[in-house]
Each structure stands twice: as structure tokens, then as C-alpha cells.
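In: show me how the following folds:
(4 chains)
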Number of protein chains: 2
Amino acid sequence: MTQTLRILIVEDDPALIRGLGDNFRAAGFDVTTAADGQLGLTHALTQPPDLMLLDIMLPKINGYDLCRRVRHAKHGFPIVMLTAKGQEEEIVRGLELGADDYVTKPFGIRELLARVKRLLRREMIDSKELIVLGEMILDRDARKLTHDGEEIPLTQKEYRLLDYFVTNPHRALTRSSILDAVWGRSIIVSHRSVDRCITTLRSKLDAQPSQPKFIHTIRDIGYRFELPEG
Amino acid sequence: MTQTLRILIVEDDPALIRGLGDNFRAAGFDVTTAADGQLGLTHALTQPPDLMLLDIMLPKINGYDLCRRVRHAKHGFPIVMLTAKGQEEEIVRGLELGADDYVTKPFGIRELLARVKRLLRREMIDSKELIVLGEMILDRDARKLTHDGEEIPLTQKEYRLLDYFVTNPHRALTRSSILDAVWGRSIIVSHRSVDRCITTLRSKLDAQPSQPKFIHTIRDIGYRFELPEG
DNA sequence: CGATGACGTAACACAGTGGTAACATTCGGT
DNA sequence: ACCGAATGTTACCACTGTGTTACGTCATCG
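Out: Below is the predicted model:
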């Protein structure tokens, strides 16, 4: 690193390819495109990019299968889905299969760029031991959260949940992935336990837990953690 | 004993220089400043500090080059980058060149101090042979803990445990790492023996062992040692 | 507008964790 | 070999964290 960040666009509409490509190149990214699902998959697996834009309706392999297979190959780069309007149930499916965000066509290039940039900021987070959350500081070394130097005690589950959120900000996180990451793949608990833990964590993070600043819920999916500023 | 730690601030904004200088002096550091990259580089090479605060946008030599050249000269002191908002993409580059951490302007002095102290934690301990623990003094040369001149006798295990804690303050320490450090990697003892030793050590460190000031327990994880004042 | 389902959250019960005292064993010095 | 100190082990208990359940509220959709 750090050469420019690499973006793979998997899209069959030539006009969209050109528009997206131009804009992302202008924004300083290294762009490659694939015109169908098969090409996209091989490219994603052999030369994994830093982020992938993925249309759902594609020749040969559709966006769902591509997404699932990429994730099955244990690639973790962010995936942003491009969906047509009125396909909300597709969004749900896509996010469950491991996509991180979506935009519905027609979309503004500004919005898309903003989402992409937010997702890519994750790489900066990973290396940090100290993370600023508004007026709070999360110290991963000390495994503690402080507000003006005062410790905010977190239980084990709360801490692991927050840690997972912080390392995956701005992304749609399904309950299932949260369960895997925080509770562990082999543990079986009710999915409502996630909600419960979210509630207690929210109450400690935010003064007004009723209008959460950090943990946003995504109906039918799960939650999304937003870092301040941006 | 306790020579003060030296911080070099390379920054061209006079207001920021004064603000940072005041704050770090107040925190007990020995501060020198350089107003451009050239001055900063010569200073860093001829009188290497214990840590450097480095702005990116600088006259004469920019922060990246300065960072790279300092590292090329095999100086290992920590470098904290100061970046303006919107330069986030460049941060990764800075880290690649050898920076250890960064803050984005505008930043809170509290956050910056926390980051600096974290990076200097080891030096802050190592530069002292006498360590003040509340009303007690730990003399690592003599392997003695005293309170008002009265020696508090510590057993072998207790001393090694305290020593491990003192060299790793403010960090979450797992029982397993404690066992490795104090008992040795090859010795097999029950993990409850750690708790047992903690109890006896607590009873000697603290008047109210029920509300420990120094050794905090982190449920499901292990313990964390907190030094007073920072 | 009513039905359905998802989420927030309070209440409760129970398992597991850690503090610690009592007991056992090892160690070290004479 | 003996004795006391140090160290490890075990057992008991209080407590807290956590999962479950239940209920209220809100959003969505027919």
C-alpha cells in the first residue's frame, strides 16, 4: 500500500459503467469493470479489490450468487449493491448474503461516493487502539470505554458488541453476523438476545437512547453503527 | 531517575504551537517546537526526542518526507501525525511510512494526550526506577515495596505479579498472559491460583481490598492494573 | 383502519464467575 | 529430616451478567 484504492464495478449497462467509471476515476480510485456475473466473480476472487459495486440483475451469475460466493471464499471487502427501486425484498436478501450497503436506482453519484468513502474508512479503524466516539474514548488495549476520563463499565457482551461495531462501521450488520461475531458460531441463543444487548449498550453510549446517535436499527436486517463526523 | 520525556512538535501554525506546547508542558513533558519541516528534521536527527508530533502540511519539507527520512535514519521514537479533515485517504500512507498514530484536526487535547501517553507508556515506566503507587513506593532495583518507609513484605510470586502489572499498566491482561509472565510458560497450575495471588497482593496494596484501587478485575477476561494520575 | 410482525425494554430466574477461607503440598534453610 | 513460609487446590458463597419471556409501541401492509 497505499496505491490508490481499487474498485470493481460489476454492471451490464454500458452507460452506467461509463458514468460510474468516470466518476470514480475522477475521485482518485483505480477502477476495473466486469460486464457480467461470471467475469465479475473471477475478477473478485483472483484480484480482490478494496470494494465492489454490484448490480443485482446480471447476465450469467446474478448479484446474489456472486455476493454469496465471494463471501464464501472468505473475502471481506465491502460490497455495495445497486438495486432497482421497488425491490426492497431484494435489499433484505442481499444484506443477508453479506452485502454491506445498497443504493437504489436511480441514485446520485454524490451519495454513492459518500457511501463508498465511508465504507473504505474501515481500514483506518482497524489499526487503531484508541477510538474516539463523540465525547467518549474506546481503549481497546485497556478494554474500556471512558467519558471525560470516567470509565463507563461495559459487560463482556457489551464490549464485544461495541468492538464488533467499531471495526465494522457504516455497514449493515445482520443479527446473524452479530451473533457469529459476538456470541460465537457455535453458541445458540435467541435472536432477541441481540436486541436486548443492543438496548443496554445504547443506554450506556447515548444520553438519548430513544434517538440513537451511534447504533441505528435497520428493520428486518439488524443494525448499523455510525461514527460521528462524516 | 525520572528524566522528563521530550516531545518535539513540528507545526507551522503559531496558535497551535502555543496551545499544544502549553498543554504538554502542563502534562509534565519537555517540549521543543519546530516551525517548518527543515528545522523539524534537523532537530529530530540531532536531538532525537522521545516522541514527535508532526503536522502533514508544512513549509519546506512535508510531514511524509520528514517521517520517511527520520525512519530511514533508523530512529524509532513514536510519531503522531496531525492531519486536517479530508485528508483521511492520506493517513494510511502516513502509517505506512512509519507513523504510529494520527489525529485529525480539529482534535480534542484530551484525545491527543491519551494517544501520546499510550505510546509512551513503556518509556514512562522504564525511565523510573522508583514507581509511586498512591502512598507506596515500589523500588524495582531493591525489589521492595515501602509505605512511609516501612517495608511491605512481598513474596516471590506477589512481587513478580506486581512487577508484571506495573510494566503493563492500563491494559487488560488475561489470566493466561499473567500465568505466562509470572509462573512461566511451562508451569501448569490452575488458573484459580492467579485469583488467589491477586487476593493476597490486593490485601497488601490496598486498605480496602473490597474496592480495589489498583487491580481491577475484568470479568471473563482477567485483570487490569491502574496507576494513579494517568 | 385493523392486523401482523418487528423492535424496545422491563422483569425475572439461573448459571457461571470471581473473592476468599480452609486445607494440602511443596520449598528452602538449617 | 524438620519446621515454617510460600504456594497450589478445593469448596463455598455472593453477585452479576445474561438469556428468556412478556408486554407495549411503532411501522408496514393488505
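
In: please make it C-alpha for all contacts and neighbour counts, starting now.
Out: Noted.

In: now for the spatially most central residue of chain A: which residues touch it?
Out: Note on chain A: the residue nearest the mean C-alpha position is A:R171, at 2.4 Å, using CA atoms, centre = their mean. By CA atoms under 8 Å, 6 or more residues apart in numbering or on different chains, the residues touching A:R171 are A:100-101, A:119, A:224-225.

In: which ones among the residues you listed map onto strands?
Out: A:101, A:224-225 (DSSP state E).

In: what parts of chain A come near DNA strand D?
Out: A:155-158, A:183, A:188-194, A:196-197 (CA under 7 Å from any atom of the strand).

In: including secondary structure, pLDDT and neighbour count, could those go into CSV?
Out: Shown next, in CSV, are those (DSSP: H, G, I helix; E, B strand; the rest coil; pLDDT from 0 to 100; neighbours: other CA atoms under 10 Å in any protein chain shown):
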residue, secondary structure, pLDDT, neighbour count
A:T155, coil, 98, 16
A:Q156, helix, 97, 15
A:K157, helix, 98, 16
A:E158, helix, 98, 19
A:W183, helix, 97, 17
A:I188, coil, 91, 10
A:V189, coil, 95, 10
A:S190, coil, 95, 9
A:H191, coil, 94, 12
A:R192, helix, 96, 10
A:S193, helix, 97, 13
A:V194, helix, 97, 19
A:R196, helix, 97, 11
A:C197, helix, 98, 15
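
In: list, out of the residues you listed, those positioned next to DNA strand C.
Out: Among the residues of chain A next to DNA strand D, proximity to DNA strand C is found for A:192, A:196 (CA under 7 Å from any atom of the strand).

In: surely A:L8 is in a strand?
Out: Yes - counting by DSSP: H, G, I helix; E, B strand; the rest coil, A:L8 is part of a strand.

In: so what sits opposite it in the bridge?
Out: In this entry, A:L8 is beta-bridged to A:T32, A:M52, by DSSP bridges.

In: point out the residues in chain A that sit beside DNA strand C.
Out: So chain A meets DNA strand C at A:192, A:195-196, A:198-199, A:202-203, A:209-210, A:217-222 (CA under 7 Å from any atom of the strand).

In: just the buried residues of those.
Out: Among the residues of chain A next to DNA strand C, those classed as buried by 16 or more other CA atoms under 10 Å in any protein chain shown are A:198-199, A:202, A:209, A:217, A:221-222.

In: the residues you listed in strands, which ones?
Out: A:217, A:222.

In: residues near A:A172, how many?
Out: A:A172 has 23 neighbours, counted by other CA atoms under 10 Å in any protein chain shown.

In: now do the contacts for it.
Out: A:95, A:99-101, A:218, A:221-224.

In: now, among the ones in strands among the contacts of A:R171, which is nearest to DNA strand C?
Out: A:R224 (10.5 Å; CA to the nearest atom of the strand).

In: list the helices and strands the strand or helix carrying A:L95 packs on?
Out: Under the criterion of DSSP states H and E, A:L95 resides in helix A:88-96. For helix A:88-96, the packing partners by 3 or more CA pairs under 8 Å, 6 or more residues apart in numbering or on different chains; DSSP states H and E come out as helix A:63-72, strand A:79-84, strand A:172-174.

In: turn those into JSON lines, columns for distance to A:P48 and mean pLDDT.
Out: Below are these laid out as JSON lines (distance: least, CA to CA, whole Å; pLDDT from 0 to 100):
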{"stretch": "helix A:63-72", "distance to A:P48": "9", "mean pLDDT": "95"}
{"stretch": "strand A:79-84", "distance to A:P48": "11", "mean pLDDT": "92"}
{"stretch": "strand A:172-174", "distance to A:P48": "21", "mean pLDDT": "96"}
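
In: with distance to A:T33 added, can I get those in a markdown table?
Out: As requested, the helices and strands packed on helix A:88-96 are exported to a markdown table (distance: least, CA to CA, whole Å):
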| stretch | distance to A:T33 |
| --- | --- |
| helix A:63-72 | 14 |
| strand A:79-84 | 14 |
| strand A:172-174 | 24 |
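
In: least trustworthy helix or strand in chain A by mean pLDDT?
Out: Across the helices and strands of chain A, mean confidence by mean pLDDT, DSSP states H and E is lowest for helix A:122-126: a mean of 71.

In: of all pairs in the residues of chain A next to DNA strand C, which one spans the longest distance?
Out: Across the residues of chain A next to DNA strand C, the longest distance by CA to CA is 22.0 Å; it joins A:S203 and A:D220.

In: output stretch A:32-48 as PDB, nothing but the C-alphas.
Out: What follows is stretch A:32-48, C-alpha atoms only, in PDB (Å, rounded to 0.1, in the frame of the first residue of the first chain):
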ATOM      1  CA  THR A  32     -12.000  -2.100 -13.100                       C
ATOM      2  CA  THR A  33     -15.300  -3.200 -14.600                       C
ATOM      3  CA  ALA A  34     -16.900  -6.500 -15.400                       C
ATOM      4  CA  ALA A  35     -19.900  -6.800 -17.700                       C
ATOM      5  CA  ASP A  36     -21.400 -10.000 -16.400                       C
ATOM      6  CA  GLY A  37     -21.500 -12.100 -13.200                       C
ATOM      7  CA  GLN A  38     -19.100 -14.700 -14.400                       C
ATOM      8  CA  LEU A  39     -16.400 -12.100 -15.200                       C
ATOM      9  CA  GLY A  40     -17.100 -10.300 -12.000                       C
ATOM     10  CA  LEU A  41     -16.700 -13.400  -9.900                       C
ATOM     11  CA  THR A  42     -13.400 -14.500 -11.400                       C
ATOM     12  CA  HIS A  43     -12.100 -11.000 -11.100                       C
ATOM     13  CA  ALA A  44     -13.300 -10.600  -7.500                       C
ATOM     14  CA  LEU A  45     -11.700 -13.900  -6.500                       C
ATOM     15  CA  THR A  46      -8.400 -13.600  -8.300                       C
ATOM     16  CA  GLN A  47      -7.700  -9.900  -7.800                       C
ATOM     17  CA  PRO A  48      -9.800  -8.900  -4.800                       C
END
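
In: for it, what does the pLDDT average out to?
Out: Here stretch A:32-48 scores 97 as its mean pLDDT.

In: ok, now which ones touch A:I17?
Out: Applying CA under 8 Å, 6+ apart to A:I17 gives the contacts A:9, A:11, A:33.

In: helix or strand for it, just tell me which one.
Out: Here A:I17 is assigned to helix A:14-26, by DSSP H and E.

In: buried residues in that helix?
Out: Across helix A:14-26, burial judged by 16+ other CA under 10 Å covers A:17, A:20-21, A:24.

In: quick one: low-confidence parts of chain A?
Out: A:1-3, A:86, A:123-124, A:126-127, A:209, A:229-230 (pLDDT under 70).

In: residue in it with the shortest distance to DNA strand D?
Out: A:S190 (3.4 Å).

In: phi, psi of that residue?
Out: Main-chain torsions, A:S190, degrees, to the nearest 10: phi -60, psi 150.

In: next one: A:D163
Out: For A:D163, the backbone dihedrals (degrees, to the nearest 10) come out as phi -60, psi -40.
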